[in-house]
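# Quick one: sequence and predicted model below, then my questions.
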Amino acid sequence: MSYDIRLLDPVTKKPIIFDQPHDIRGGTYVPGGTNEAWLNVTYNYARYFERIGRKGIRSIYGKTGAESIPTLKKAADSLGDDASTNYWKPSEGNAKRALLGLLALARMRPDGVWSGD
């Protein structure tokens, strides 16, 4: 189980497509990168996402990238650096890596609106 989290165009409500691919990886990813403003994140990190808000990672849904930047940064900064080579391991560092990936997408398209699940 996982979250599929993406930024949508604020006007068309369709997924944002970048001119150049990015290689921000989650539980599933496209080898060589994807042009979509999308990240797949395992539910294994859900308990760490409670630092974002009462709804966990879903607290950013409906917000713009710009609105989510302070929240994502604060939550990432509150987590440790114990990232594992095992992506699926629930650790602060692995959750932090996912939040930093979302933060990077938000900075790339601050006007986009978060959607997911």
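Happy to help now that I have it.

# per-residue pLDDT, the residue nearest the centre of the chain?
To find the centre residue of the chain, average its C-alpha atoms and take the closest one (Cα atoms, centre = their mean): that gives Leu102, at 3.0 Å. On pLDDT, Leu102 comes in at 98.

# Shouldn't it be within a helix?
Yes: residue assignment for Leu102, taken from DSSP: H, G, I helix; E, B strand; the rest coil, places it within a helix.

# Correct me if wrong: it contacts Tyr3.
No: with contacts defined as Cβ atoms under 8 Å, Leu102 does not count as touching Tyr3, sitting 10.0 Å away. Yep, even glycine has a C-beta here, placed from its N, CA and C like the rest.

# anything in contact with each of those two?
A shared contact of Leu102 and Tyr3, defined by Cβ atoms under 8 Å, 6 or more residues apart in numbering, is any residue touching both; here these are Val41.

# show me the contacts for the residue nearest to the centre of the chain.
5, 39, 41, 60, 68, 72.

# One more: Arg97?
Applying Cβ under 8 Å, 6+ apart, the residues contacting Arg97 are Ala83.

# Next: Val30.
Remark: with contacts taken as Cβ under 8 Å, 6+ apart, Val30 is in contact with Pro21.

# Kindly report the same for Tyr29.
Contacts for Tyr29 were tallied using Cβ under 8 Å, 6+ apart; they are 23, 40.

# His22: neighbour count?
18 (other Cβ atoms under 10 Å).

# nearest residue to it other than its sequence neighbours?
The shortest distance from His22 to any residue other than its chain neighbours is 5.6 Å, reached at Gly33 (Cβ to Cβ, 6 or more residues apart in numbering).

# show me where the protein has helices.
In the chain, the helices defined using DSSP state H lie at 46-49, 65-77, 92-108.

# any chance you could map the strands in the protein?
All strands of the chain, identified by DSSP state E, fall at 2-8, 17-22, 34-36, 38-42, 113-116.
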